[in-house]
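**Q** What follows is a predicted structure for the sequence shown.
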Amino acid sequence: MTASTPSAALWRPSAGSPAVPRRALTFVRLPMPALARGQLLAAVRLQLTQYMPAGPFGFICRSQTGGTLLVWAWAVDAASGSPRRGGGWAECALDEPAQGLRLVRRSEGFEAQQWSGGELLHSRWFETPPGDADWERFTRGCGANPNEHALPQPAVARTLRRPARGWIAGDNLPAADPWQGWHWQAALLLLGTVAAAALGVDLQARQQLRIDTERLQALRGSREASLQARARYERASSELDALRALVPRLSQLELLERVTASGIFAPAPAGESPTAAKAPASSAPGLPPSASPAGTAGARMLDWDYRNGQLKITLELPEGNVTLLDVTRKLEAVPGLGALRVGQDSASNALTLSANIAELAPPDATPRSGGTAP
């Protein structure tokens, strides 16, 4: 970011001055991303507050390569109006592009410039022709070798009839007040019309609301009996759903019959039902094993625990006759049992199984293969 401020003198536009002289200009190069016109002017206006004195000022800017913005700014008298009027163009904006270092004679004073690739990189104004020391300081500030660039003779820059394309003008003056003269009258008339229309709409809405309220009260009075009956029905339905939620998915007896029908226990002797023994309570461990004759291969039930939709059963497996795989396969085929898991407390001859109980209809009386109908 570079800047060159020659003086703080105010520039007052007049009919005889075609452009702002160089002595009143401030040269600034700002890094600036690509922005829309309005955002670009606002960003430049904000950045120039650190280079310009307090008060109104005008400026023109133009984008250059590498995301750099070239800006010419000048302070103006507040009484003169907008800085963009009365010839509000910088004198330097009319120069034709050049190359290298040069000394230009201006309408008031002299200007040292450095150009590269058709773009102005550095600029400094002198009230009188600069001496060798001034030129050497300017050359070093441009990053050039003073021994290779001697002080040239002042030349008259070739100017354009109008500024090149791409220049944008702006200022920091407050926007003109649009509410002047007949604008106030038009605004008051518009506000009065809007207020009258809003009042009419409000009155119409209030009247329609009153009519709708009366109709609603009449309908509620004629349908009061239906509303009360519906409320009683919803209350009874809610109570029934609460009672149904308390009913277990399967009873102890139904679940025991399904497990017995799987065939994991030894067949009962002739004339004796495998479920003749009383079904154990859900919280009473140590149930008597199913009846099985001596020497018959089959599992014996040691414990039965059924509560909250979970079944935990402990079986005793005879040695060499029934395997863990046979028992688990038969239990997995039992309707209503899901997520069968083998407990960690299982031993070599004792098997502990846990399962979730699904909600299924009770099994019918038809016997299934591999078991005896309960």
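**A** Yep, that arrived. These numbers come from a predicted model, not from an experiment.
**Q** Do a quick rundown of the strands in the stretch 201-350 of the chain.
**A** Using DSSP state E, counting those that start in this stretch, the strands of the stretch 201-350 of the chain run over 300-307, 310-316, 337-342, 350-357.
**Q** Save the ones you listed as JSON lines, and put in distance to N172, mean neighbour count and mean pLDDT too.
**A** (C-beta placed from N, C-alpha, C; glycine too.) Converted to JSON lines, these look like this (distance: least, CB to CB, whole Å; neighbours: other CB atoms under 10 Å; pLDDT from 0 to 100):
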{"stretch": "strand 300-307", "distance to N172": "83", "mean neighbour count": "18", "mean pLDDT": "84"}
{"stretch": "strand 310-316", "distance to N172": "79", "mean neighbour count": "20", "mean pLDDT": "83"}
{"stretch": "strand 337-342", "distance to N172": "76", "mean neighbour count": "14", "mean pLDDT": "81"}
{"stretch": "strand 350-357", "distance to N172": "77", "mean neighbour count": "18", "mean pLDDT": "82"}
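**Q** Which of those sits closest to L324?
**A** Closest to L324 of the strands of the stretch 201-350 of the chain is strand 350-357 (CB to CB; 6.2 Å).
**Q** Helices of the stretch 1-150 of the chain, start to end?
**A** Assigned by DSSP state H, counting those that start in this stretch, the stretch 1-150 of the chain shows helices spanning 37-47, 132-141.
**Q** Just tell me which of those ends up closest to S238.
**A** helix 37-47 (62.1 Å).
**Q** avg pLDDT for that closest one?
**A** The pLDDT scores in helix 37-47 average 89.
**Q** And it, what does it pack against?
**A** Where contact means 3 or more CB pairs under 8 Å, 6 or more residues apart in numbering; DSSP states H and E, helix 37-47 is packed against strand 26-31, strand 57-64, strand 68-75, strand 168-171.
**Q** So which residues make contact with it?
**A** The set of residues external to helix 37-47 that reach it, using CB atoms under 8 Å, 6 or more residues apart in numbering, is V28, L30, M32, L35, F59, C61, L69, V71, I168, G170, D171, N172.
**Q** let's see it at 7 Å
**A** Under the contact criterion CB atoms under 7 Å, 6 or more residues apart in numbering, helix 37-47 has outside partners L30, M32, L35, F59, C61, L69, V71, I168, G170, N172.
**Q** what packs against the top helix by length along the chain?
**A** In terms of residue count, the longest helix belonging to the chain (DSSP state H) is helix 182-222. Packed against helix 182-222 by the contact rule (3 or more CB pairs under 7 Å, 6 or more residues apart in numbering; DSSP states H and E) you find no helix or strand.
**Q** L331 touches R341, doesn't it?
**A** No: L331 is beyond contact range of R341, at 10.8 Å (criterion: CB atoms under 7 Å).
**Q** Need the residues touching each of these two.
**A** L353.
**Q** wait, which of the strands of the stretch 201-350 of the chain is closest to A24?
**A** Nearest of the strands of the stretch 201-350 of the chain (CB to CB): strand 337-342, 89.5 Å.
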